[in-house]
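Colleague: need a structure here:
(one chain, ligands or ions: 2)
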Amino acid sequence: MTFLTVQTAPIEGQKPGTSGLRKKTQIFREPGYLENFVQSIFDATGGAASRTYVLGGDGRFFNSEAIGVIIRMAAANGAARLIVGQNGILSTPAASNLIRKHGTDGGIILSASHNPGGEAGDFGVKFNAANGGPAPEKITDAIHARTLAITTYRIAEDAAPGIGETGRFTIGDMQIDVVDPVADYETLMRELFDFDAIANLFAGGFRICFDAMHAVTGPYATRILESTLGAAEGSVINAVPSPDFGGGHPDPNPVWARELVAIMNGSDAPDFGAASDGDGDRNMIMGKGAFVSPSDSLALLTAYANLAPAYCGRLAGVARSMPTSRAVDLVAERLGIPCYETPTGWKFFGNLMDAGKVTLCGEESAGTGSSHIREKDGLWAVLLWLNILARDGRDVVQLRADHWRSFGRNYYSRHDYEEIPVDAADALMTALRGRLANLPGSKAAGMEVSTADDFAYRDPIDQSLTGAQGVRIAFTDGSRLVVRLSGTGTQGATLRVYLERYVGRGGDHEQDVQAALAPVIAAAEALTEITKHTGRSSADVIT
Ligand code: G1P
Ligand code: ZN
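Modeller: Numbering: from 1, shown residues only. Ligands and ions are numbered 1, 2, ... in the order given. Sure, this is the predicted structure:
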């Protein structure tokens with residue numbers, strides 16, 4: 001076994017964003033690009049010598065090649081052991097589970113999540129820490145700093161062993177355990193939920209459509225929902241992962257999961273619809289003819305979590321990202337548990353969960369999860385919903401209507417403006433930030449501003465401060481507007497405008513969402529001058 005030390009030079013732009021380093025696949029395929037970043041992960045975390053890591057990805061184009069490179073680099077850097085998903089496949093939640101279950105020193109997950117894949121699509125690399133969660137900013141900052149100083153990387157000259165079969169292999173002194181990607185994850189789900197109740201539900205004729213969007217959740221959903229729980233064969237659609245996700249955009253929202261939406265809005269709609277994203281950590285929930293917004297889903301799951309064995313009487317607290325609607329806050333208040341507001345990105349939930357302060361958490365971007373792992377978890381959310389429906393007896397639409405009647409409804413939508421020039425996006429944010437101090441008390445399109453600030457977060461556990469996390473503007477009628485730039489895009493800038501309006505108990509809870517939000521949308525344009533800055537008169541994606 002020959003290990004090579006290869007001379008290299010720093011590459012600009014290897015700064016991890018909201019969730020790892022994401023770039024166009026062709027950039028990741030440039031000589032040394034992946035190698036520099038992986039070596040920087042090892043270097044910035046104390047070296048790989050004698051360490052154990054989990055390794056896997058969502059199967060997108062370049063996954064296999066990248067896995068081979070990382071295996072050879074881990075061996076050359078002296079790692080003791082890798083736990084690798086068969087064929088290099090692991091969903092993000094399954095990887096998080098393996099890190100925790102085997103007490104590894106961390107893991108490397110290859111994914112650009114919901115971004116399109118393929119040769120012309122996106123690729124990504126994320127480092128997760130020993131708690132199973134995305135590395136916190138102090139680690140990602142150190143990795144980035146290392147990418148700017150790197151001079152060499154280490155790699156085995158020999159090819160990596162095949163990982164098409166499960167079993168134990170070695171490369172040099174390093175052991176490689178190739179594992180079934182689904183098995184341990186399924187075991188964990190069995191521990192959390194009432195599988196008997198869910199199986200009875202299906203046995204009674206309950207129908208589900210789960211859209212795996214040609215992505216990594218296909219094998220997980222097929223095995224757990226169909227084989228184990230007895231959902232009808234064919235309940236999981238687009239179940240075979242493909243390197244370019246069937247040419248689609250594996251983002252589970254009503255815009256990209258059109259096939260599921262059509263089925264759920266059809267005349268013979270199943271009782272329950274769901275979809276997951278490229279790497280299996282996001283979820284979208286639908287009832288017959290009804291889309292459940294992720295913010296509402298988090299609120300409902302919190303309200304009824306006691307119907308699942310793992311959560312009954314065990315909710316320590318909840319957390320949501322700042323732009324997520326405040327529907328869950330109302331539930332937490334009634335349950336008498338704390339509700340934390342964190343910046344966008346799952347890495348901010350980790351400390352709260354490690355400290356036992358939070359059991360459930362979620363984001364408006366279709367991410368929901370719990371302290372069972374340290375990532376959001378798409379199939380987990382689906383199983384919790386099924387557990388609740390099986391034990392409660394009402395259907396999705398009724399449950400949600402009753403929830404709104406009891407708590408009021410937080411009308412909510414996100415408007416995305418994609419691939420706008422970075423300069424224009426920066427100018428818009430700078431102008432908006434410059435006006436914040438003068439906004440309280442002023443009116444925008446007839447709406448009176450009560451408070452306005454740029455969200456900064458002091459982590460309650462390690463006291464670290466994260467600033468400039470998005471502008472939030474509250475209005476006197478309880479509505480809210482949040483404006484921030486995406487940290488996961490790979491081209492230009494994406495402006496995200498989050499809109500929320502609360503209609504209390506006894507109000508009209510069945511309005512069209514965009515119509516209900518019209519006053520906030522008008523205020524958003526008046527305050528941010530999107531059209532003036534970007535030339536755009538409408539959003540590219542409305543969810
Ligand atoms: C987006 C979502 C965010 C999520 C992240 C990773 O980040 O908005 O909630 O945690 O993807 O899935 P953004 O592009 O907004 O920075
Ligand atoms: Zn994802």
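
Colleague: Kindly report the residues of this protein close to ligand 1.
Modeller: By the rule C-beta under 6 Å from any ligand atom, the part of the chain lying against ligand 1 is 18-19, 113, 321, 344-346, 363, 365, 367, 486-488, 496. Using the backbone N, CA and C atoms, a C-beta is placed for each residue, glycine as well.

Colleague: can you pull the contacts of whatever residue of the stretch 101-250 of the chain ends up closest to ligand 2?
Modeller: Proximity of the stretch 101-250 of the chain to ligand 2 (C-beta to the ion) peaks at residue 113, 3.1 Å away. Under the criterion of C-beta atoms under 8 Å, 6 or more residues apart in numbering, the neighbours of residue 113 are 19, 22, 58, 92, 124, 277, 278, 279, 281, 282, 488.

Colleague: Recalculate using a threshold of 10 Å.
Modeller: 18-20, 22, 58, 60, 92, 122, 124, 126, 215, 250-251, 277-282, 365, 367, 376, 488 (C-beta atoms under 10 Å, 6 or more residues apart in numbering).

Colleague: Let's verify it: helix, strand, or coil?
Modeller: What DSSP: H, G, I helix; E, B strand; the rest coil gives for residue 113 is coil.

Colleague: how far away is it from residue 490?
Modeller: Note on residue 113: its distance to residue 490, by C-beta to C-beta, to the nearest Å, is 11 Å.

Colleague: ditto for residue 419
Modeller: Separation of residue 419 from residue 490 (C-beta to C-beta) stands at 10 Å.

Colleague: more neighbours, those two?
Modeller: With neighbours defined as other C-beta atoms under 10 Å, residue 419 and residue 490 compare such that residue 490 has more, 19 against 12.

Colleague: so that one touches residue 27, yeah?
Modeller: Yes: taking contacts as C-beta atoms under 10 Å, residue 490 lies within contact range of residue 27: 8.3 Å.

Colleague: what are the C-alpha coordinates of the host helix or strand of residue 260, in CSV please?
Modeller: Using DSSP states H and E, residue 260 falls within helix 258-264. This file holds the C-alpha atoms of helix 258-264, laid out as CSV (Å, rounded to 0.1, in the frame of the first residue of the first chain):
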residue,chain,number,x,y,z
ARG,A,258,-46.0,18.3,-8.7
GLU,A,259,-46.7,14.7,-9.3
LEU,A,260,-47.6,14.1,-5.7
VAL,A,261,-49.7,17.3,-5.6
ALA,A,262,-51.7,16.1,-8.6
ILE,A,263,-52.3,12.7,-7.0
MET,A,264,-53.4,14.2,-3.7
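
Colleague: How about the residues of the stretch 101-250 of the chain by ligand 2?
Modeller: Neighbours of ligand 2 within the stretch 101-250 of the chain, by C-beta under 5 Å from the ion: residue 113.

Colleague: one more time with 8 Å, if that's ok
Modeller: Residues of the stretch 101-250 of the chain lying close to ligand 2 by C-beta under 8 Å from the ion are 111, 113, 114.

Colleague: can you map out the helices along the stretch 401-543 of the chain?
Modeller: Assigned by DSSP state H, counting those that start in this stretch, the stretch 401-543 of the chain shows helices spanning 422-435, 513-516, 518-528, 530-534.

Colleague: for the record, mean pLDDT for the second one?
Modeller: Across helix 513-516, the average pLDDT comes to 97.

Colleague: cool, stretch 223-233 as well?
Modeller: Mean pLDDT, stretch 223-233: 98.

Colleague: And the contacts of it?
Modeller: With C-beta under 10 Å, 6+ apart, stretch 223-233 has contacts from 180-183, 185-186, 189-190, 193, 195-196, 198-203, 205-210, 217, 221-222, 234-236, 239, 270, 272, 274, 379, 382-383, 386, 390.

Colleague: give the contact list for the closest residue to residue 533 other than its chain neighbours.
Modeller: What sits nearest to residue 533 in space, not counting adjacent residues and going by C-beta to C-beta, 6 or more residues apart in numbering, is residue 428, at 4.0 Å. Each residue near residue 428 by C-beta under 10 Å, 6+ apart is listed here: 417, 420, 483, 485, 493, 495, 528, 529, 530, 532, 533, 534.

Colleague: Looks like the first one contacts residue 494 (just checking).
Modeller: Yes: under the criterion of C-beta under 10 Å, residue 417 makes contact with residue 494 at 6.8 Å.

Colleague: Now do the strands in the stretch 351-500 of the chain.
Modeller: Secondary structure of the stretch 351-500 of the chain by DSSP state E, counting those that start in this stretch: the strands cover 360-363, 367-370, 409-420, 443-444, 447-454, 457-458, 465-466, 471-475, 480-485, 493-503.

Colleague: buried sites along the longest one?
Modeller: Neighbour counts over strand 409-420 (16 or more other C-beta atoms under 10 Å) mark 409, 410, 411, 412, 413, 414, 415, 416, 417, 418, 420 as buried.

Colleague: any idea of the angle it forms with strand 480-485?
Modeller: Using axes from the mean of the first three to the mean of the last three C-alpha atoms, to 10 degrees, the inter-axis angle of strand 409-420 relative to strand 480-485 is 20 degrees.

Colleague: Strand 409-420 pairs with which strands, parallel or anti?
Modeller: Partners of strand 409-420 in the sheet, by DSSP bridges, are strand 493-503 (antiparallel), strand 541-542 (antiparallel).

Colleague: Point out the most buried one among the ones you listed.
Modeller: Of all these, strand 493-503 has the most neighbours on average by mean count of other C-beta atoms under 10 Å, namely a mean of 23.

Colleague: Do that strand and ligand 2 come into contact?
Modeller: No: Strand 493-503 lies out of reach of ligand 2 by C-beta under 8 Å from the ion, never closer than 15.8 Å.

Colleague: Could you figure out how far that strand is turned away from strand 447-454?
Modeller: Using the same axes, to 10 degrees: strand 493-503 against strand 447-454 is 130 degrees.

Colleague: where along the stretch 201-350 of the chain do the strands fall?
Modeller: Going by DSSP E, counting those that start in this stretch, the stretch 201-350 of the chain shows strands at 208-211, 236-237, 272-276, 283-287, 290-292, 318-321, 339-342.

Colleague: what's residue 136 in contact with, if anything?
Modeller: Contacts of residue 136 (C-beta under 10 Å, 6+ apart): 129, 347, 348, 350, 351, 459, 462, 464, 466.

Colleague: show me the contacts for the third one.
Modeller: By C-beta under 10 Å, 6+ apart, residue 348 lies in contact with 133-134, 136-137, 319, 321-322, 340-342, 361, 363, 457, 459, 464, 466, 469.

Colleague: Please produce a PyMOL select command covering the buried subset of those.
Modeller: Buried members of these, defined by 16+ other C-beta under 10 Å, are picked up in PyMOL with:
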select buried, resi 133+134+136+137+319+321+322+340+341+342+361+363+457+459+466+469
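
Colleague: residues near residue 524, how many?
Modeller: Here the count is done by other C-beta under 10 Å, and residue 524 has 23 residues near it.
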